[in-house]
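In: how would this look folded up:
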Amino acid sequence: MSCAPKQKIPLGCVPKDITIFVDKKPLDSVPDEIALRADRPHTLFFRGGGYEPAMVVLESVDGENGPVLAPSEVCVELHFEERNRDVQFEIER
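Out: The predicted model follows:
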């Protein structure tokens, strides 16, 4: 069992009805923060129906008191995929 230090990473996600994968494993919900081992990199993948997916890689870097993850906080705003946008138009009669 590893005793590697963990670091809390604040998450800001818009919208909230998405799925977050941490190192390819889905989270059950969208938390306000996650605690991850600071001694290795992590990949965060954000996916939601109708939205363009996003990915953030947290790198493990040398900090003053040992390894730390960078960036130290993550804010993701997913945008609608172009092909799923409703096109509004008026019909002439």
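In: excluding its backbone neighbours, what's nearest residue 32?
Out: Excluding the flanking residues, the one nearest residue 32 by Cβ to Cβ, 6 or more residues apart in numbering is residue 11, at 6.3 Å. Bear in mind the C-beta positions are built from the backbone N, C-alpha and C, glycine included.
In: what does residue 56 give?
Out: residue 44 (4.6 Å).
In: just to revisit the earlier point, how deep is the residue nearest to residue 32 tucked in, by neighbour count?
Out: Residues lying near residue 11 (other Cβ atoms under 10 Å) number 19.
In: how about the one helix or strand it maps to: buried residues?
Out: Assigned by DSSP states H and E, residue 11 belongs to strand 6-14. Going by neighbour count (16 or more other Cβ atoms under 10 Å), the buried part of strand 6-14 is 7, 9, 11, 13.
In: Which one of these is nearest to residue 51?
Out: Nearest to residue 51 among the buried residues of strand 6-14, counting by Cβ to Cβ, is residue 13 at 10.8 Å.
In: Many thanks, I have nothing further to ask.
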